[in-house]
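In: Coordinates for the following, if possible.
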Amino acid sequence: MATHGVGVGNMSNQHWQTSNQDALDMLKSLGAGAADLLFSSPPYCIGKEYEATSSVDDFIREHKRILPDAIRAIKAGGSLCWQVGHHVANNVHVPLDAIVYAEASRFPELKLRNRIIWHFGHGIHERRRFSGRHETILWFTKGDDYSFNLDAVRVPQRYPGKKHYKGQRRGEWSGHPLGKNPSDVWDIPNVKAGHIEKTDHPCQFPVALAARLIRALTPVGGTVVDPYMGSGSTGVAAVLEGRKFVGSDREARYLMIADARLREAVLGSARVRADVPTSPPDLRTSVARLPPHFMRSELESSDG
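Out: Residues are numbered from 1 along each chain as shown. This is a model prediction of the structure:
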């Protein structure tokens, strides 16, 4: 693989390779069918420090540019998972997943399996529209013969003691002993200040987001690719789940962050938030208590 600014790790039977190069150049360097899963979050073209544009048209052009080689790099039966949010300019909202779906639909071998809603509790507080608290992941498979390991990603049931109340199985336990299907709405905290995984990257997604998809859609020892790897969260998830990883980013400073995190993942010292349900607030802490003027406002509004 022709790379620039390469990082390579091969310890404890884990393997990863990163490079400081354009996404398309990295994808072209991969052999056809090299990836079991291509998971990434491309630039949203909203003027972030690592983006040279704030145009929706440039977002469209980027996908026309890279999708043919991205699809070529995925093996038959493999998956393409694209995590995107929203383009907002002058308070006008464009759902980027609609654009990705339109571009991906030009390739008949891609089949959309789920539109996953990633919900999180924190973000910018808007004043002239409802505050955005979700992004989406489009999961496509390359063809119809694909694998999906649901048991690897089941989550605890809310009512594990529930039983069938009618029919031939009346009185028997109704839940699955390994847990329930996590559904297509995922409540996973986003990476903000104070998050255990926070780095200097301004738009970092949590490792748990990638880890669920890696466990469900790839075999142990399979290959995960991220052409816009940023701080390397996809790679960390891949290494921790026993998969190989190939990633790239045009920004050298992010490559350094990603390589450091990948080395920590191999050595078992990576700081990662466990994929567990969000805990309710601890009412014994001061930040969870309702300020007195909030209480007065509630009383005034109820009296009115």
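In: C-alpha from now on. contacts and neighbour counts both.
Out: Fine.
In: report the longest helix in this protein, please.
Out: Secondary structure of the chain per DSSP state H: the longest helix is helix 56-73.
In: from the middle of its chain, how far away would stretch 146-160 be?
Out: Computed by C-alpha atoms, centre = their mean, to the nearest Å, the chain-centroid distance of stretch 146-160 equals 18 Å.
In: tell me the helices in this structure, going along the chain?
Out: For the chain, applying DSSP H gives helices covering 23-29, 56-73, 96-104, 207-217, 233-240, 252-267, 292-303.
In: Now do the same contact list for the spatially most central residue of the chain.
Out: Note on the chain: the residue nearest the mean C-alpha position is Leu209, at 4.1 Å, using C-alpha atoms, centre = their mean. Residues counted as contacts of Leu209 (C-alpha atoms under 8 Å, 6 or more residues apart in numbering) are Ile188.
In: Among the helices of the chain, show me which one is buried the most.
Out: Ranked by mean neighbour count under mean count of other C-alpha atoms under 10 Å, the helices of the chain are led by helix 233-240, which reaches a mean of 27.
In: picking up where we left off before, quick check: pLDDT value at the residue nearest to the centre of the chain.
Out: Leu209 carries a pLDDT value of 94.
In: can you check the one 5 residues further on too?
Out: Here the pLDDT value assigned to Ile214 is 98.
In: For it, which non-adjacent residue is closest in space?
Out: Counting by C-alpha to C-alpha, 6 or more residues apart in numbering, Ala238 is the residue found nearest to Ile214 once chain neighbours are left out, at 6.8 Å.
In: Next up, the contacts around the one you found.
Out: Contact partners of Ala238, counting by C-alpha under 8 Å, 6+ apart, are Ala210, Ala211, Ile214, Val224, Lys244, Phe245.
In: Could you report the pLDDT at it?
Out: For Ala238, the pLDDT comes out at 97.
In: where's it relative to Arg133, distance?
Out: Using C-alpha to C-alpha, to the nearest Å, Ala238 is found at 26 Å from Arg133.
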